[in-house]
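A.B. asks: Kindly return the folded structure for what I paste below:
(2 chains)
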Amino acid sequence: MRNALLLASCLLAAAACRREQREIVHSPAASHASGGIVRLSELQPGQPTPEVEVRNASEEKAYDINEGKRLFAAYNCSGCHSHGGGGIGPALMDNYWVYGSHPENIHDTIVEGRPNGMPSFGGKIPDYQIWEIVAYVRSLSGLVNPTVAPSRDDHMQVKVAEQSKKEESTEEKKKP
Amino acid sequence: MSSRFLSSLGVAAVLCACACARSNPPVKTDLHQLSRDDAQWVMPAKDYASTRYSGLAQINTSNAKQLKLAWTVSTGHDRGHEAGPLVIGDTMYYVTPFPNDLIAIDLKNPTGPPKWKYRPQNLETESQGVACCDVVNRGAAYANGKVFLNTLDGRTCAVDAETGKEVWVRQLADINRGETITMAPLVVKNKVLVGDSGGEFGVRGWVTALDSETGKIAWRAYATGPDKDVLIGPNFKPFYATDRGKDLGVSTWPKDKWKIGGGTMWGWISYDPELDLIYYGTGNPGPWNPELRPGDNKWTSGIFARRPDTGEAVWYYQWSPHDEFDYDGINEQLLLDLPIGGKTRKVLVRPERNGYMYVLDRATGEVLSADAYGAVTSSFGVDLKSGRLIPNKAKEPGTGKVIPDICPAAPGAKDWQPSAYSPRTRLIYVPHQNLCMQHEGTDVNYIAGTPYVGANVVMVPGPGGHRGEFDAWDPVQRKKVWSIRENFPVWSGALVTAGDVAFYGTMDGWFKAVDARTGTLLWQFKTSSGIIGQPVTYRGPDGKQYVTIAAGVGGWAGAIVAGGLDPRDATAALGFVNAMKDLPGATNKGGVIYTFALP
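C.D. replies: Just a heads-up that it's a prediction; the model follows:
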């Protein structure tokens, strides 16, 4: 029991450590696991092979997620997705993910664009910023650790703060 | 004269022959003449005066309660169905929301398969990402044996009315600049008039005239920029001094902001054949945050009278100078001859988004009256001396300012949903909403092809708590005669007939017939989805009067259902979702064309 507590507090400390970490120089590969296939479909012919798990380092840093929030407005993502409720584009605060909820899925959606209206931002935004936006997008539906999610809004209050957002069950839904 | 033109004349003659059997025979497609044939519905608003009035009287106030469903056709699409059908001869034409199918229904056999279906080829599906308010289409136009429709991805298509074969296609708008096309075109003197959408994307608004036979561009008039682009020349005689001067479309903006300043035209065009003037309004200036664009922002949120042949501007009036609230000026204009001040005057009546019912002299652009028909806190009325709206400074938005209780909200006291006018009752039937908003201006970056708004908006029901109204308005007495309160915004168009029956639909799917004199409910039918379309009436090949409405919820007001949006964010769909949280419980998606008749 004592060991478990010790372990937990160690883990918390580690998380807290990264929470305040800011990178001055962004290594493009920092967030990317190399190799493997990013799958959008659960359906695989033949023997299932494991999916690539991508760790988005920005998801562990409060500063990065906050940057993601700022960039989400600055690049006019909010023009279509509002503050997560959607509008021209789909809602991002719910559990309905047309093109996947994993960090790599969201990253690819931003880079590649999607044929029903999502613009392709690839080559327009530095990759580290895309990962920051990815982290923020996932915070909208409570998919990041609340200790790093933004706790307040500098604007008119229009929804609960990302930090208070309960995790949405992430059942994947396919393109309608 | 090309053989194609001759053959289309031939088609027109055949179509007319059909119509003629049942009414006065037009010798060619003189649309003004043809629009008087109540068997048909040959242009979006029934006639050039945009009255949406039909002389048919088989269905009247005493028998309307017996109306029965005659037939239905599924459109196969599930986004907002804002279009009304056309009826040419024995064929009904309907344009669906994106991907903009044009469906031809044989009225001799409406329960059989459609005559044909036309879909523009290789549509840019990405255009859905630059459509501010659902992927709607507001209808088609007809002339010379051809049906004309606009596509969301920015084209105008001409289709042979008989065969459904494509005649020509012209790309007019560029989605990479945020432009789309959602409006119903109008054909005047063989010119197809088309305007762009994209007022929330920093586009530069325009109206373009295309030759109906070839699709060649005859003229394009921008709503911002130098006079030569706006087609302002020596014959431009605006009534008010503030609209006179050189290149006001440049000088009333901060440097170069006119290039991304909006002024789109996604609403309605009317035409007066005697004065030979077309009338249409201009959309909101962009971005929404007015602090970012000091000045009157001409020629946005106003109305132009132009010559259809050349496009040259004759007069202009600005409903909302330096618009602060997204009050697009693109609603319908009803061209009426009314007794005002002891004589009959040629007027233009505009139920404007800013909340006032304007009566203008349509020869000069003089404002004769402007009376609030909905709740207004954003202004104190219109100064009839200067013609200028008197803004309420206390409601002026700015960056970082949160201002509550702005009425009407961004969609206005009334949005695009068109009114009707009956010469029998001399009343205008106005479907509209009752919404107010909380508004916060923000900074915004212009990135071509992405939204350019700069505001957080949260809408709430207006005074009284009801969100919609269907009103009868007397434009001479300048007052509301009766008013029906609806729970949801009334986002459908209106229709009124010589049987003194007015029709409209509700967003929870009720199609209603009311007594045009009293507003008493005569009949209602629950359709499968919320109604935001435009009702029309026609006389079928069997001599019976039919009434048609498309159900299929969506549009800006219904975006919460059409787009599956999340009401936990009060700003979703530019704040409209907050006022529509209960709509998903009241209706569901899906486009169906309903037609009714007496047994």
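
A.B. asks: Look at the nearest residue in space to B:Glu126 that is not next to it in sequence and say how many residues are nearby.
C.D. replies: Once flanking residues are discounted, B:Glu126 sits nearest to A:Gly117: 5.8 Å by CB to CB, 6 or more residues apart in numbering or on different chains. (Glycine included, C-beta is placed from N, CA and C.) Neighbour count for A:Gly117, taken as other CB atoms under 10 Å in any protein chain shown: 20.

A.B. asks: show me the contacts for A:Gly117.
C.D. replies: A:Gly117 makes contact with A:Cys80, A:Ile88, A:Gly89, B:Thr125, B:Glu126, B:Ser127, B:Gln128, B:Gly129, B:Val130, B:Ala131, according to CB atoms under 8 Å, 6 or more residues apart in numbering or on different chains.

A.B. asks: per-residue confidence at it?
C.D. replies: At A:Gly117, the model reports a pLDDT of 97.

A.B. asks: Would you list the phi and psi of it?
C.D. replies: Phi and psi for A:Gly117, reported as degrees, to the nearest 10, are phi 140, psi -20.

A.B. asks: could you check the distance from it over to B:Asn150?
C.D. replies: With distances taken as CB to CB, to the nearest Å, A:Gly117 is found 18 Å from B:Asn150.

A.B. asks: For chain A, what lies in contact range of chain B?
C.D. replies: Residues of chain A lying close to chain B by CB under 8 Å from any CB of the partner chain are A:73-76, A:79-80, A:82-91, A:93-94, A:96, A:113, A:115-119, A:155-156, A:158-160.

A.B. asks: Of those, grab the buried ones for PyMOL.
C.D. replies: A single PyMOL command selects the buried members of these (16 or more other CB atoms under 10 Å in any protein chain shown):
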select buried, chain A and resi 73+74+75+76+79+80+82+83+84+85+86+87+88+89+90+91+93+94+96+113+116+117+118+119+156+158+159
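
A.B. asks: Of the contacts of A:Gly117, which is the nearest to B:Arg155?
C.D. replies: Checking those against B:Arg155 by CB to CB gives B:Ser127 as the nearest, at 10.0 Å.

A.B. asks: Top of the contacts of A:Gly117 by number of neighbours, please.
C.D. replies: Going by other CB under 10 Å, B:Val130 tops the contacts of A:Gly117 with 30 neighbours.

A.B. asks: Residue 81: neighbouring residues, count only.
C.D. replies: I went with chain A, as the question did not name one. With other CB under 10 Å as criterion, A:His81 counts 26.

A.B. asks: I was thinking of chain B, sorry if that wasn't clear
C.D. replies: Quick note: B:His81 (other CB under 10 Å) scores 37 neighbours.

A.B. asks: my read: it touches B:Gln534, true?
C.D. replies: No - applying CB atoms under 8 Å as the test, B:His81 and B:Gln534 come out as separate, 9.6 Å apart.

A.B. asks: So for these two, which residues contact both of them?
C.D. replies: In contact with both B:His81 and B:Gln534: B:Ala550, using CB under 8 Å, 6+ apart.

A.B. asks: Contact partners for residue 38?
C.D. replies: In the absence of a named chain, this looks at chain A. Contacts of A:Val38 (CB under 8 Å, 6+ apart): A:Glu51, A:Val52, A:Val54, A:His102, A:Glu104, A:Asn105, A:Asp108.

A.B. asks: Switch to chain B, please.
C.D. replies: B:Asp38 neighbours (CB under 8 Å, 6+ apart): B:Ser23, B:Ser54, B:Gly55, B:Leu56, B:Thr537, B:Tyr538, B:Arg539.

A.B. asks: Now do the SS call for it.
C.D. replies: coil (DSSP: H, G, I helix; E, B strand; the rest coil).

A.B. asks: Which per-residue confidence value corresponds to the nearest residue to it once chain neighbours are set aside?
C.D. replies: Spatially, and ignoring its direct neighbours in sequence, B:Asp38 is nearest to B:Gly55 (4.3 Å; CB to CB, 6+ apart). If you check B:Gly55, the pLDDT there is 98.

A.B. asks: what about B:Gly55, how many residues close to it?
C.D. replies: Neighbours around B:Gly55, by other CB under 10 Å: 15.

A.B. asks: contacting residues around it?
C.D. replies: Per CB under 8 Å, 6+ apart, neighbours of B:Gly55: B:Asp38, B:Thr497, B:Ala498.

A.B. asks: Just the CA atoms of stretch B:165-176, as PDB, please.
C.D. replies: The C-alpha trace of stretch B:165-176 is given here as PDB (Å, rounded to 0.1, in the frame of the first residue of the first chain):
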ATOM      1  CA  LYS B 165     -29.500  17.800 -70.100                       C
ATOM      2  CA  GLU B 166     -26.900  20.300 -69.100                       C
ATOM      3  CA  VAL B 167     -26.800  23.300 -71.500                       C
ATOM      4  CA  TRP B 168     -24.000  25.400 -69.900                       C
ATOM      5  CA  VAL B 169     -22.100  25.700 -66.700                       C
ATOM      6  CA  ARG B 170     -20.300  28.800 -65.400                       C
ATOM      7  CA  GLN B 171     -17.900  28.900 -62.500                       C
ATOM      8  CA  LEU B 172     -18.500  32.100 -60.700                       C
ATOM      9  CA  ALA B 173     -17.400  31.800 -57.100                       C
ATOM     10  CA  ASP B 174     -14.100  30.500 -55.600                       C
ATOM     11  CA  ILE B 175     -14.300  28.400 -52.400                       C
ATOM     12  CA  ASN B 176     -10.600  29.100 -51.700                       C
END
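
A.B. asks: Now it: average pLDDT?
C.D. replies: 98.

A.B. asks: which residues sit against it?
C.D. replies: B:4, B:8, B:118, B:120, B:124, B:126-127, B:129-130, B:146, B:153-160, B:179-181, B:194, B:196-198, B:208, B:210, B:214-217, B:448-449.

A.B. asks: Among these, name the buried ones.
C.D. replies: Using 16+ other CB under 10 Å, the buried members of those are B:8, B:118, B:120, B:124, B:126-127, B:129-130, B:146, B:153-160, B:179-181, B:194, B:196-198, B:208, B:210, B:215, B:449.

A.B. asks: Tell me how far the residue nearest to B:Glu126 lies from B:Thr442.
C.D. replies: 23 Å.

A.B. asks: Also B:Gly590?
C.D. replies: Taking CB to CB, one finds B:Gly590 at 36 Å from B:Thr442.

A.B. asks: Equivalent analysis for B:Val87, please.
C.D. replies: 47 Å.

A.B. asks: And these two? Which one has more around it.
C.D. replies: Each of B:Val87 and B:Thr442 has its neighbours counted (other CB under 10 Å); B:Val87 has more, 24 against 21.

A.B. asks: I'd say that one and B:Pro541 touch.
C.D. replies: No - taking contacts as CB under 8 Å, B:Val87 lies outside contact range of B:Pro541: 10.7 Å.

A.B. asks: Below-threshold pLDDT in chain B: ranges please.
C.D. replies: B:1-28 (pLDDT under 70).

A.B. asks: Repeat that for chain A.
C.D. replies: If you take pLDDT under 70 as the line, chain A has these spans: A:1-17, A:25, A:27-36, A:169-176.

A.B. asks: if you set the cut-off to 90 instead, what comes out?
C.D. replies: A:1-44, A:47-55, A:152-155, A:157, A:165-176 (pLDDT under 90).
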